[in-house]
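> next come a sequence and a model predicted from it.
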Amino acid sequence: MHSEIITHFERLKSYCEHQDFKGWDPYDGLNSRLFQATPFKHWSFGRLAWIQLFKRNPVNLRRLLLVPKGYNPKGLGLFLTGYCNLYRIAEKGDDRFGEKDEIKEKIIWLSDKLLSLQSEGYSGACWGYNFDWQARGGLFFPAKTPNVVTTTYVVNGLLDAAQILQDEYIRKTASTASEFVLRDLTRTPKKEGFLFSYAPKFGNNTVYNASLLGSKLLARIYSLTGKEQYAEAARASVLACCNEQNEDGSWYYGELSIQNWIDSFHTGFNLEAIFDYAQYTGDSSFKTHYNKGMDYYLENFFLEDGTPKYYHDKTYPIDIHSPAQFVITLIKTGVLKQHLDKAQNVISWTLNNMQHHDGAFYYQIKKSHANKVPYMRWSQAWMFASLSGYLKESLNN
């Protein structure tokens, strides 16, 4: 199994490095130079429809409609995490993915690129996407609008890199993201605790995984700084989200009626965040919620042959995020060995059904067709972080 995964991972690594980690995204349609030259760019429904045209179409229209490839900070953060994983492998004397110094150069390059892509004018370091994004409900996020999800994944990568590089500047800069979460994100009070917003000023305070990722970020920085206000705010958000957990252990995506679904990878985000909160703060108050959630996750999102389901009650679409996050969740929560057969089944199914011969992973498989557009952030970065994490765990033990 190791040799199979290594072969597939090396193909993915070669593809991403050849592309210089630059690529397209499911939501980058508004970067179309053609669309930006039309009056439709001022119309919210027109923007939403244009994004969906690109996102849902199995034919990649981006070259035709002049959407350039770009650097996505969230994707770069995941690649940085992946190269930190590879460095830990090389540290043990295994140089099959590159010598330590060679991998360190990639870590430095990705760290520098991320530091240069910060969104300016906020209370701390923060990052957003490299495209305008029109959400349902009328919310419009201009490019570089920082959000807690992107910021969390970037900060995790930078803190991992700072540890390897022994770089105090990177550590201090990344740690200021806690002030972005505390001061710039709005809060929706609940009966107990509150929900952090996805982004500042723009509302959308109803998504559980976004609020929990804010808690995860604060908890990690609390472990570095000892600042109690970080742990207190993190706990308030975890409390609110755990109170919204369903009796069977699941979570809806969010509170609104249009967010009333249960899916695989956002469940994985929730579990990883609650686990990390406990690890970084020493607060085990939410262990029962975590255990119920993990049982539900393991029992409802994966078929016996390893097929990763998107939703709890139906298989399609099969999305590359689901298997990638599954492996990451098992690693981060320390239960990979306990569920190794299941993890290997899911990985094997994914490698055999969702990877192109050039190394890139597909976006989604639906009942009638596959969407094989090689999205850099959504597909390649997630699988890079996932498979490198698996290899770090398996080759170093």
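Yep, it's here. Numbering: from 1, shown residues only.
> could you list the low-pLDDT ranges of this protein?
202-204 (pLDDT under 70).
> nearest residue to the middle of it?
Centre of the chain computed as the mean C-alpha position; nearest residue by CA atoms, centre = their mean is residue 153, 6.2 Å away.
> could I get the contacting residues of that one?
74, 77, 78, 81 (CB atoms under 8 Å, 6 or more residues apart in numbering). Every C-beta, even on glycine, is put in place using the N, C-alpha and C of the backbone.
> name the SS class of the first one, please.
In other words, residue 74. At residue 74 the chain is in helix, as set by DSSP: H, G, I helix; E, B strand; the rest coil.
> right, and it touches residue 129 too?
Yes. Assessed by CB atoms under 8 Å, residue 74 is found in contact with residue 129 at 7.1 Å.
> inside helices: which ones of the contacts of residue 153?
In helices, judged by DSSP state H, the following of the contacts of residue 153 are found: 74, 77, 78, 81.
> which one of those residues sits closest to residue 175?
residue 77 (15.0 Å; CB to CB).
> buried members of the contacts of residue 153 into ChimeraX, please.
Typed into ChimeraX, the next command selects the buried ones out of those (criterion: 16 or more other CB atoms under 10 Å):
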select :74,77,78,81
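> what is the nearest of the contacts of residue 153 to residue 148?
For those, the nearest to residue 148 is residue 74 (11.3 Å; CB to CB).
> who's in contact with the closest one?
127, 129, 149, 150, 153, 154, 377, 381.
> wait, the first one touches residue 149, no?
In other words, residue 127. No. With contact defined as CB under 8 Å, residue 127 does not count as touching residue 149 (9.7 Å).
> so which of the contacts of residue 74 sit within strands?
Judged by DSSP state E, strands contain none of those.
> could you dump those into TSV with distance to residue 9 added?
Shown next, in TSV, are these (distance: CB to CB, whole Å):
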residue	distance to residue 9
127	26
129	26
149	25
150	24
153	20
154	23
377	18
381	13
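> can you tell me the closest non-neighbouring residue to the residue nearest to the centre of the chain?
residue 77 (4.1 Å; CB to CB, 6 or more residues apart in numbering).
> for the protein, which segments count as strands?
133-134, 140-141, 187-189, 194-196, 318-319, 364-365, 370-371.
> tell me what the fourth one is packed against?
Using 3 or more CB pairs under 8 Å, 6 or more residues apart in numbering; DSSP states H and E, the elements in contact with strand 194-196 are strand 187-189, helix 208-225, helix 228-243.
> CA-only coordinates of stretch 113-130 in PDB, if you can.
C-alpha atoms of stretch 113-130 as PDB (Å, rounded to 0.1, in the frame of the first residue of the first chain):
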ATOM      1  CA  LYS A 113       4.700  34.100  -0.900                       C
ATOM      2  CA  LEU A 114       2.000  33.800   1.700                       C
ATOM      3  CA  LEU A 115       3.400  36.700   3.700                       C
ATOM      4  CA  SER A 116       3.300  38.800   0.600                       C
ATOM      5  CA  LEU A 117      -0.400  38.000   0.000                       C
ATOM      6  CA  GLN A 118      -1.800  39.200   3.300                       C
ATOM      7  CA  SER A 119      -4.900  41.300   3.200                       C
ATOM      8  CA  GLU A 120      -4.100  44.800   4.500                       C
ATOM      9  CA  GLY A 121      -6.000  47.100   6.900                       C
ATOM     10  CA  TYR A 122      -7.100  44.600   9.600                       C
ATOM     11  CA  SER A 123      -6.100  44.100  13.200                       C
ATOM     12  CA  GLY A 124      -3.800  41.200  12.500                       C
ATOM     13  CA  ALA A 125      -2.500  38.900   9.700                       C
ATOM     14  CA  CYS A 126      -5.300  37.600   7.600                       C
ATOM     15  CA  TRP A 127      -5.900  36.200   4.100                       C
ATOM     16  CA  GLY A 128      -8.700  35.800   1.600                       C
ATOM     17  CA  TYR A 129      -9.200  34.400  -1.900                       C
ATOM     18  CA  ASN A 130      -7.700  35.600  -5.100                       C
END
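> how about it: buried residues?
For stretch 113-130, by 16+ other CB under 10 Å, it's 114-115, 117-119, 122-130.
> chain center to that stretch: distance?
17 Å (CA atoms, centre = their mean, to the nearest Å).
> can you check stretch 221-239 too?
21 Å.
> now stretch 147-158
With CA atoms, centre = their mean as the basis, stretch 147-158 stands 8 Å off its chain's centre.
> what's the answer for stretch 374-381, then?
On the basis of CA atoms, centre = their mean, stretch 374-381 is displaced by 11 Å from the centre of the chain it belongs to.
> cool, stretch 324-343 as well?
16 Å.
> mind listing residues that contact that stretch?
Residues from elsewhere that reach stretch 324-343 (CB under 8 Å, 6+ apart): 264-265, 268-269, 271-272, 275-276, 294, 297-298, 301-302, 306, 308, 346-347, 382-383, 385-387, 389-390, 393.
> could you redo the last one with a cut-off of 7 Å?
265, 268-269, 271-272, 275-276, 298, 302, 308, 346-347, 382-383, 385-386, 389-390, 393 (CB atoms under 7 Å, 6 or more residues apart in numbering).
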